[in-house]
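Chemist: I need the structure of the sequence given here:
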Amino acid sequence: MNRKTMSARRLNIWIRSGAERSKALREAMRRVAQGDRTPQGPGLYFENVEELRRILTEKRLELLPAITRHQSDGSARSFSMPGISRR
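Modeler: Residues are numbered from 1 along each chain as shown. Now for the predicted structure:
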């Protein structure tokens, strides 16, 4: 019997203001301009808890593992969820 092993993946979810997101983007652009191409871990950013709860419903949270399992690269980026800021 051939079984696939599944590794755990982590998706960080953060509450971050628009100003904090802008600052992080500027910092990332500065690092890239200096030649640092180190990829950042996956993350979702929301303005506040209300936005997070509106976007990440119970059903969507249940679907995340299935989506990442069936994506060849483990990325859920092709799925659109309005109001999400990705890094």
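Chemist: so which strand or helix has Tyr45?
Modeler: Per DSSP states H and E: Tyr45 is located in strand 43-46.
Chemist: my bad, should have said Arg30
Modeler: Assigned by DSSP H and E, Arg30 falls in helix 18-33.
Chemist: repeat for Arg69
Modeler: Assessed by DSSP H and E, Arg69 sits inside helix 58-70.
Chemist: by contact count, what packs against that helix?
Modeler: Judged by 3 or more C-beta pairs under 8 Å, 6 or more residues apart in numbering; DSSP states H and E, helix 58-70 is in contact with no other helix or strand. From N, CA and C alone the C-beta is placed, and that goes for glycine too.
Chemist: returning to that earlier point: mind listing what's buried in the helix holding Arg30?
Modeler: By 16 or more other C-beta atoms under 10 Å, the buried positions in helix 18-33 come out as Ala24.
Chemist: Verify the stated contact: Arg21 with Tyr45.
Modeler: Yes - the pair Arg21 / Tyr45 is scored as a contact, 6.0 Å apart, by C-beta atoms under 8 Å.
Chemist: and the strand holding Tyr45, which residues are buried?
Modeler: Leu44, Tyr45, Phe46.
Chemist: What sits closest to the last one if chain neighbours are left out?
Modeler: Leaving aside its sequence neighbours, Phe46 sits nearest to Leu52 (C-beta to C-beta, 6 or more residues apart in numbering; 4.2 Å).
Chemist: Could you report the neighbour count for that neighbour?
Modeler: Burial of Leu52 is recorded as 17 neighbouring residues (other C-beta atoms under 10 Å).
Chemist: State the pLDDT value of it.
Modeler: On pLDDT, Leu52 comes in at 90.
Chemist: That'll do, ta.
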